[in-house]
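# Structure, please.
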Amino acid sequence: MADTRFASLQGQKYINLETFRKNEQGVRTPVWFAGEPEQGVPEKLYVYSTADSGKAKRIRNNPRVRLAPCDVRGKLVGEWIEAVAGLVTGEEAEHAMKLLNKKYFPWRQILGFFSMFSRSKRVVFVIRPA
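Residues are numbered from 1 along each chain as shown. The predicted structure follows:
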């Protein structure tokens, strides 16, 4: 039977992603996310960030995250979901970026254009229910 813990995220544009510092203090950030749309409720989600961002550093140190549907400013519109996050590379990262590009067209492409002028490397994380 499929895991339905991400059901509350269907139709949402943003999630509030809470990552944890070494002292276990949470840091919340509204982010774009994407899952496999043709499979109903996704069993995993993807987010991207710059490699040197705070959330990327915190996920590398502690894979525990929480997420909840939110608006663009991070105001919650649903309940928190416990999850784990990890870095993905190669084909899975490319697939994730295609999903994000499709979901957030044309905004993702516009931001992608401007990111070409940045020296910051991008990373992709997969998020699964805990």
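# got any ranges where the protein has weak pLDDT?
1-3, 37-40, 106-119 (pLDDT under 70).
# just checking, what packs against the longest helix along it?
Longest helix in the chain, counting residues (DSSP state H): helix 90-103. When contacts are defined as 3 or more CB pairs under 8 Å, 6 or more residues apart in numbering; DSSP states H and E, helix 90-103 packs onto strand 45-50, helix 107-115, strand 122-129. Using the backbone N, CA and C atoms, a C-beta is placed for each residue, glycine as well.
# and residue 22, which of the three is it?
coil (DSSP: H, G, I helix; E, B strand; the rest coil).
# what's the nearest residue to it once chain neighbours are set aside sitting at in phi/psi?
Nearest residue to residue 22 in three dimensions, chain neighbours excluded: residue 61, at 6.2 Å (CB to CB, 6 or more residues apart in numbering). Main-chain torsions, residue 61, degrees, to the nearest 10: phi -80, psi -30.
# That'll do, ta.
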